[in-house]
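In: The amino acid sequence is not available; the structure is as follows:
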């Protein structure tokens, strides 16, 4: 069955530190992958998306993600985290409907 | 260009009442999706609609839940005889029709309706 897994439920990093959020997918065909961010009480905002081509995709707010077919991963990265990045992050794959991972809550320490 | 609109933003119902959640897609978008986010959980797909058609309702509970997207007006998610377990955030998303691949369509999300059942 198609699935998206985010192994880390909760991550805490210090402001200014680098960040990597993990996402693994299970698909039979070429996946269409997305990262969304959700602030408390808000809807989802798209950070970036991967359809094909270059395996490193750039998104908004300084985020990037790398698609690695051999590892079935699409990890989200940011070189230097800001306090305003504290939120919940969702990885999702599109099979005609979005299949979401469980989400990773990011806390940022001052 | 207004984004996806959902109303109400917050809805409180007593057990046994009906809940109606509305979603107006972005201008020019003909596809609407509904997702439910239970407390402490990720989003789960419920239903995918195009104008006057239900395309995929594989995520809809078998009873009490229904959805429509009429030719005119917003999409409606209707929950009859609500129970406490229906308390959740309900998100609507819309996407345009792209010729290349339906699966590549980006979905744009509304702010959600937070349903509380007392």
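Out: Okay, I see it. Remember, predicted model here, so these are calculated numbers, not experimental data.
In: which strands and helices sit next to the lowest-mean-pLDDT helix or strand in chain B?
Out: The helix or strand of chain B with the lowest confidence, counting by mean pLDDT, DSSP states H and E, is strand B:108-109 at a mean of 90. Packed against strand B:108-109 by the contact rule (3 or more CB pairs under 8 Å, 6 or more residues apart in numbering or on different chains; DSSP states H and E) you find strand A:44-50, strand B:88-95. All C-beta atoms are positioned from the backbone trio N, CA, C, and that covers glycine.
In: Can you list the neighbours in contact with the shortest one?
Out: Counting by CB atoms under 8 Å, 6 or more residues apart in numbering or on different chains, strand A:44-50 makes contact with A:31-38, A:57-61, A:63-65, A:67, A:74, A:76, A:89-90, B:43, B:91, B:93, B:106, B:108-109, all of which sit outside it.
In: anything in the helix or strand just after it sitting right up against chain B?
Out: Proceeding N to C from strand A:44-50, the next assigned helix or strand is strand A:56-58, under DSSP states H and E. No. Judged by CB under 8 Å from any CB of the partner chain, strand A:56-58 stays clear of chain B, getting no closer than 12.9 Å.
In: Run the chain-centre distance for strand A:56-58.
Out: In terms of CA atoms, centre = their mean, to the nearest Å, the gap separating the centre of strand A:56-58 from the centre of its chain is 12 Å.
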